[in-house]
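Chemist: Here is a sequence together with a model predicted from it:
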Amino acid sequence: MIADFIERSMKQLGRDESIPQVQMAVDEACTNIIKYAYAESAGFIDISCELQGDDFVVTLRDKGKPFDPKSVPLPDLKADLDKRKIGGLGIFLMGQLMDDLSYSFDVKGGNKLVMRKKQTP
């Protein structure tokens, strides 16, 4: 459902060149929200898409546990595979796929993650 929504939104806004990257980044963000922010309870994720100038912007809002993705250290990609911990690449991947990530939290509004994909020249 989420991937279809992102694809439809991007096509409607004339931004089809980076659909797979944006879909993967949003999917990863939503998975993290479900797994961690709502680990022990049900909740919602509000997803909105818009153009801001030439940038395609996805905003995710939820009322789960606060979590700043920039608080996660970068993974050690040079470590042997058998010595790496399982997981921990999602936020890194989101940062690689999108041009900008910004996070904010307030008690009334909850978590807000803004993901920006710039138009390719």
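Modeler: Thanks, I have it. Residues are numbered from 1 along each chain as shown.
Chemist: Please list the residues outside stretch 57-72 that contact it.
Modeler: 6, 22, 25-26, 29-30, 32-33, 36-39, 41, 43-51, 88, 91-92, 94, 101, 103, 105, 109-117 (C-beta atoms under 8 Å, 6 or more residues apart in numbering). In this view, the C-beta of every residue, glycine as well, is placed from N, C-alpha and C.
Chemist: From the residues you listed, which land in helices?
Modeler: Cross-referencing those against helices under DSSP state H gives 6, 22, 25-26, 29-30, 32, 91-92, 94.
Chemist: which two in the residues you listed are spaced the farthest apart?
Modeler: By the measure C-beta to C-beta, 6 and 92 form the most distant pair in these, at 20.0 Å.
Chemist: neighbour-wise, which of those two wins?
Modeler: Higher neighbour count among residue 6 and residue 92: residue 6, with 22 against 16, using other C-beta atoms under 10 Å.
Chemist: you'd agree residue 56 is in a strand?
Modeler: Yes. Residue 56 sits within a strand when classified using DSSP: H, G, I helix; E, B strand; the rest coil.
Chemist: I'd say it and residue 22 touch.
Modeler: Yes. At 6.8 Å, residue 56 and residue 22 qualify as touching, with contact defined as C-beta atoms under 8 Å.
Chemist: Show me the common contact partners of those two, please.
Modeler: 10, 117.
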